[in-house]
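# What follows is a predicted structure for the sequence shown.
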Amino acid sequence: MEQFFSKIIEKMTSAKPGVVSAIAFFVIALLLCIFGFWKTLFIIIFTAVGFVVGSFLFSDDSKFKKMLDRILPPGRFR
């Protein structure tokens, strides 16, 4: 699976910006046709929030461990 995503990212970085934006807007248009405006907006917002939170927490292992220690105190569950 990791090889699949690395190939996609490699092709997107070597592609022209017009092709990348055309594919992105095509996907958005499909989402709008299938789900409607509000559901598509909901999907896009939660995807963006997940990306930001994931990149913030998983950029450094100590941040993730501190957050995990706040949620599950050490010694109680692990």
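Everything's here; your move.

# alpha carbons only for contacts and neighbour counts from here, please
OK.

# how does the protein divide into domains?
1-35, 36-78 (automatic domain parsing).

# can you list the ones you listed in TSV and add mean neighbour count and mean pLDDT?
TSV is the format used below for the domains of the chain (neighbours: other Cα atoms under 10 Å; pLDDT from 0 to 100):
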stretch	mean neighbour count	mean pLDDT
domain 1-35	11	84
domain 36-78	12	82
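
# Output the contacting helices and strands for the helix ranked longest in the chain.
What stands out as the longest helix in the chain, according to DSSP state H, is helix 37-57. For helix 37-57, the packing partners by 3 or more Cα pairs under 8 Å, 6 or more residues apart in numbering; DSSP states H and E come out as helix 17-35.

# Run through who's touching the helix it packs on.
With contact meaning Cα atoms under 8 Å, 6 or more residues apart in numbering, helix 17-35 is reached by Met12, Thr40.

# Tell me what angle that helix forms with helix 37-57.
Here helix 17-35 runs at an angle of 130 degrees relative to helix 37-57 (axes from the mean of the first three to the mean of the last three Cα atoms, to 10 degrees).

# Extract the CA atoms of stretch 23-33 and return them as PDB.
The C-alpha atoms that make up stretch 23-33 are tabulated as PDB, following Å, rounded to 0.1, in the frame of the first residue of the first chain:
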ATOM      1  CA  ILE A  23      -7.900  16.000 -11.200                       C
ATOM      2  CA  ALA A  24      -8.700  17.600  -7.900                       C
ATOM      3  CA  PHE A  25     -11.600  19.600  -9.300                       C
ATOM      4  CA  PHE A  26     -12.900  16.500 -11.100                       C
ATOM      5  CA  VAL A  27     -13.000  14.600  -7.700                       C
ATOM      6  CA  ILE A  28     -14.700  17.600  -6.100                       C
ATOM      7  CA  ALA A  29     -17.300  17.600  -8.900                       C
ATOM      8  CA  LEU A  30     -17.900  13.900  -8.500                       C
ATOM      9  CA  LEU A  31     -18.400  14.400  -4.800                       C
ATOM     10  CA  LEU A  32     -20.900  17.200  -5.400                       C
ATOM     11  CA  CYS A  33     -22.900  15.100  -7.900                       C
END
